[in-house]
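**Student:** got a structure for you, letters missing:
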């Protein structure tokens, strides 16, 4: 079995693969202060409750945008699975040329998502990841990672309204039908929801204009299901995109030496 781990700012996505099948996936809260011991207890309990045998894990791959947790999970995988985790970092073989000015700046999760989108849905394509930040990643017809856009996530924006104003309350993010709010809370829901629908639609439109081709758009990430039904410009919703990308990258590196 392969264990794929995507360490994000809010959540850690964990997936277990048997060959190419994702047999189990979990979400763990991402906490920088947690120790290796604490994460080990969480993982052991998840495996136990799912009836999975830890000893069957023969490989681990990790993508991370939280540097303080990198060494924690490297130590964890060596302790639990007696193997060093393959890290998605510069120099690893991805099968996708990275055309960013500085490839080191691209988040590992963005690369994994782009690799999976290209492999599963074809290129050219755009990946929209609705996470802590809302990211947009463009892949050319040749399968090259071109770059993208980064906007504040919808939860960050909601928290900013709460923390930076004296009278606005903290609210949950939810789908609404009417843009004209009849209360402060309803007005905040409207601004956040329809504001993000507009932001996403416009960035996708501008990216498609630049790519100049028939582009597939794939939505992923924690808030993608909230927005997807309203977005005619998003062709597919795939909550497993990053994990599938990690599996693909792991297989590429198992078969040959690292490269671009």
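**Tutor:** Structure's in. What do you need? Quick caveat, the model's predicted, so the values are computed rather than measured. Residues are numbered from 1 along each chain as shown.

**Student:** and the residue lying closest to residue 98 once chain neighbours are set aside, bridged to which residues?
**Tutor:** Of all residues not flanking residue 98 in the chain, residue 145 sits nearest, at 4.8 Å (Cβ to Cβ, 6 or more residues apart in numbering). (Glycine included, C-beta is placed from N, CA and C.) Judged by DSSP bridges, the bridge partners of residue 145 are residue 98, residue 139.

**Student:** give the contact list for residue 145.
**Tutor:** Neighbour list for residue 145: 96, 97, 98, 99, 100, 106, 111, 114, 137, 138, 139 [criterion: Cβ atoms under 8 Å, 6 or more residues apart in numbering].

**Student:** how far does stretch 171-180 sit from its chain's centre?
**Tutor:** On the basis of Cα atoms, centre = their mean, to the nearest Å, stretch 171-180 is displaced by 24 Å from the centre of the chain it belongs to.

**Student:** circling back: tell me the one of the contacts of residue 145 nearest residue 238?
**Tutor:** Of all the contacts of residue 145, residue 238 sits closest to residue 114, with 12.4 Å by Cβ to Cβ.

**Student:** of all the contacts of residue 145, which comes closest to residue 45?
**Tutor:** residue 111 (30.3 Å).

**Student:** now do the buried residues in stretch 55-74.
**Tutor:** 57, 59-66, 69-70, 72-74 (16 or more other Cβ atoms under 10 Å).

**Student:** kindly check the end-to-end length of that stretch for me.
**Tutor:** This stretch, stretch 55-74, spans 17 Å end to end (Cα to Cα, to the nearest Å).

**Student:** quick check: mean pLDDT of that stretch?
**Tutor:** Averaging pLDDT along stretch 55-74 yields 95.

**Student:** over to stretch 214-232?
**Tutor:** 82.

**Student:** what residues are bridge-paired with the residue lying closest to residue 30 once chain neighbours are set aside?
**Tutor:** Nearest in space to residue 30, with sequence neighbours left out and distances taken as Cβ to Cβ, 6+ apart, is residue 12 at 5.0 Å. Bridge pairing for residue 12 (DSSP bridges) gives the partners residue 7, residue 28.

**Student:** what about residue 12, distance to residue 25?
**Tutor:** For residue 12, the distance to residue 25 (Cβ to Cβ, to the nearest Å) stands at 11 Å.

**Student:** ok, residue 100 next?
**Tutor:** From residue 100 to residue 25 the distance is 28 Å (Cβ to Cβ).

**Student:** can you check residue 114 too?
**Tutor:** Residue 114 sits 20 Å away from residue 25, going by Cβ to Cβ.

**Student:** what stretches of this protein score poorly on pLDDT?
**Tutor:** 228-229, 255-260 (pLDDT under 70).

**Student:** what are the boundaries of the helices in it?
**Tutor:** Counting by DSSP state H, the chain has helices at residues 36-50, 70-81, 108-121, 154-164, 184-211, 224-228, 241-255.

**Student:** could I get the ones you listed as CSV with distance to residue 6?
**Tutor:** Shown next, in CSV, are the helices of the chain (distance: least, Cβ to Cβ, whole Å):
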stretch, distance to residue 6
helix 36-50, 14
helix 70-81, 11
helix 108-121, 6
helix 154-164, 18
helix 184-211, 21
helix 224-228, 15
helix 241-255, 5
